[in-house]
Every structure is written in C-alpha cells, then in structure tokens.
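S.K.: Provide a 3D model corresponding to the input given below.
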Amino acid sequence: MSRLHSFQRPEVKPDARQVGTPWSADYQRYDEGARFLYQDEAYELTLFWKSPSSAEARGFAAAPVELALYSTPPAAFLLYKIAGVCEWSDVAFNAQRIPAADRQQPQEPPGERARMRLFLVDADTGLIVARRLVALEKILTQALKNEFEQQFASGFNELLYDAAVQSAHARFADGDAMLKVADVHEVAHG
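M.R.: Predicted coordinates for the structure are as follows:
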C-alpha cells in the first residue's frame, strides 16, 4: 500500500482582522471593487460590496473558490469565482502599484502552496462580514510568484498600465471570456 505524499504547509502570519470589525481603522466606507496584493506571507483578495447579504457572507466563507491568472503586461488579472456567491470576476494588479513600504515579494519555493486570505467587506460600513484562508495549487502559486517577480523587475508606467487594463476590459465581454485565455486556472482549497 502506498503512502499519501503530503506537502509542507507554509505558515502564514496571523491576521487580527475579524468578522464584525473594521477592515481598516483609517476608513469607514469604500467604493465597490476588489483589491489584490501579497503581504505578510500570503496573497490577499478583498472584495468591497455594498450591503452583502447573510447568504453571500455564508457562501463567501465556505463555498468552493476557483482562481485564474491572466497576464497582459504591465497589467495582470486575478480572476475569481465563488460558487453560488459571484460569477467570474477580475481584479487588475501590478505589484508596483502597492505603496513601496508595503511591497513584498512572494517567497514560496517550488512545490509549496501559497495561502490566500479572502475578505468580504461591506462597502457602506467598512466592516468585515466574512473571511477565510485558502491554499492555492502549486502551479498557480508559482505563476503568481513569477508574475510578481516580473512586475518588480520591470519599469512601471501608470498610463501604460491603465491602457492595458482598459484594453483587456474592452477585449473581453466578461470574466468568462477572460477565463478562456487565462494562463492558469485552478480550484483553491479550504
């Protein structure tokens, strides 16, 4: 009988933000949208929704999550779908848009799975209504790490970034269309 091979789970620094507390002490309201970055040894996807329902919060905390990466330098897009909560959506990113003091390079070596914190924030109150921690597949872990490395190594021009984002959104009618050309598409665990 063969043994199941397991991979070491990288530890993630604890995050003090809890359901029912402000996502940030600096703001009480947010525009609707999404934010994606890497900090404190984990990726972080935060969705800011106006008045999310309790069903959406429950689904966000427990439903299957699919993720994908589409790159069109100098922009890249994290695509995400949460079963029963949201269809394929995207958030554009470039690591150099993160304030310099907060920039971190992902460090997961090949064969390890990165972690991703997910937060659902009520945009009207600034309160966290759901949160969870998921593990990424190894291929997506390395694809995101490589994307961040390339973005950090490249020069950054905000106008070119904005043009790339606008061009991608003009080219693809929705997240489903962008998913068809994504570089990587996987299911998260947890």
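S.K.: Neighbours of the closest residue to residue 50 other than its chain neighbours, how many?
M.R.: Closest residue in space to residue 50, ignoring its immediate chain neighbours: residue 123 at 4.9 Å, by Cβ to Cβ, 6 or more residues apart in numbering. Backbone N, C-alpha and C define where each C-beta goes, glycine included. When neighbours are counted by other Cβ atoms under 10 Å, residue 123 registers 18.
S.K.: Which pLDDT does the model give residue 123?
M.R.: Note on residue 123: pLDDT of 97.
S.K.: tell me which residues of the strand or helix carrying residue 144 are tucked away?
M.R.: Assigned by DSSP states H and E, residue 144 belongs to helix 138-153. Neighbour-count burial for helix 138-153 flags 138, 140-145, 147-148, 151 (criterion: 16 or more other Cβ atoms under 10 Å).
S.K.: Can you lay out these as JSON lines showing pLDDT and distance to residue 160?
M.R.: JSON lines is the format used below for the buried residues of helix 138-153 (pLDDT from 0 to 100; distance: Cβ to Cβ, whole Å):
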{"residue": "138", "pLDDT": "95", "distance to residue 160": "31"}
{"residue": "140", "pLDDT": "97", "distance to residue 160": "25"}
{"residue": "141", "pLDDT": "97", "distance to residue 160": "27"}
{"residue": "142", "pLDDT": "96", "distance to residue 160": "26"}
{"residue": "143", "pLDDT": "97", "distance to residue 160": "22"}
{"residue": "144", "pLDDT": "97", "distance to residue 160": "21"}
{"residue": "145", "pLDDT": "96", "distance to residue 160": "23"}
{"residue": "147", "pLDDT": "97", "distance to residue 160": "16"}
{"residue": "148", "pLDDT": "96", "distance to residue 160": "18"}
{"residue": "151", "pLDDT": "96", "distance to residue 160": "12"}
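S.K.: Dump those into TSV; add distance to residue 63 as well.
M.R.: Shown next, in TSV, are those (distance: Cβ to Cβ, whole Å):
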residue	distance to residue 63
138	22
140	18
141	21
142	25
143	23
144	22
145	26
147	26
148	27
151	30
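S.K.: what's in contact with stretch 143-152?
M.R.: Contacting residues not belonging to stretch 143-152 are listed as 38, 43, 69, 71, 73-74, 76, 78, 94-96, 103, 105-106, 108, 114, 136, 183-184 [Cβ atoms under 8 Å, 6 or more residues apart in numbering].
S.K.: could I get that stretch in CSV with only the CA atoms?
M.R.: Below are the C-alpha coordinates for stretch 143-152, written out as CSV (Å, rounded to 0.1, in the frame of the first residue of the first chain):
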residue,chain,number,x,y,z
ALA,A,143,2.6,31.5,-11.7
LEU,A,144,1.7,34.3,-9.3
LYS,A,145,5.2,34.4,-7.8
ASN,A,146,6.6,34.7,-11.3
GLU,A,147,4.2,37.4,-12.2
PHE,A,148,5.2,39.4,-9.2
GLU,A,149,8.9,38.9,-9.9
GLN,A,150,8.4,40.2,-13.5
GLN,A,151,6.4,43.1,-12.3
PHE,A,152,9.0,44.1,-9.7
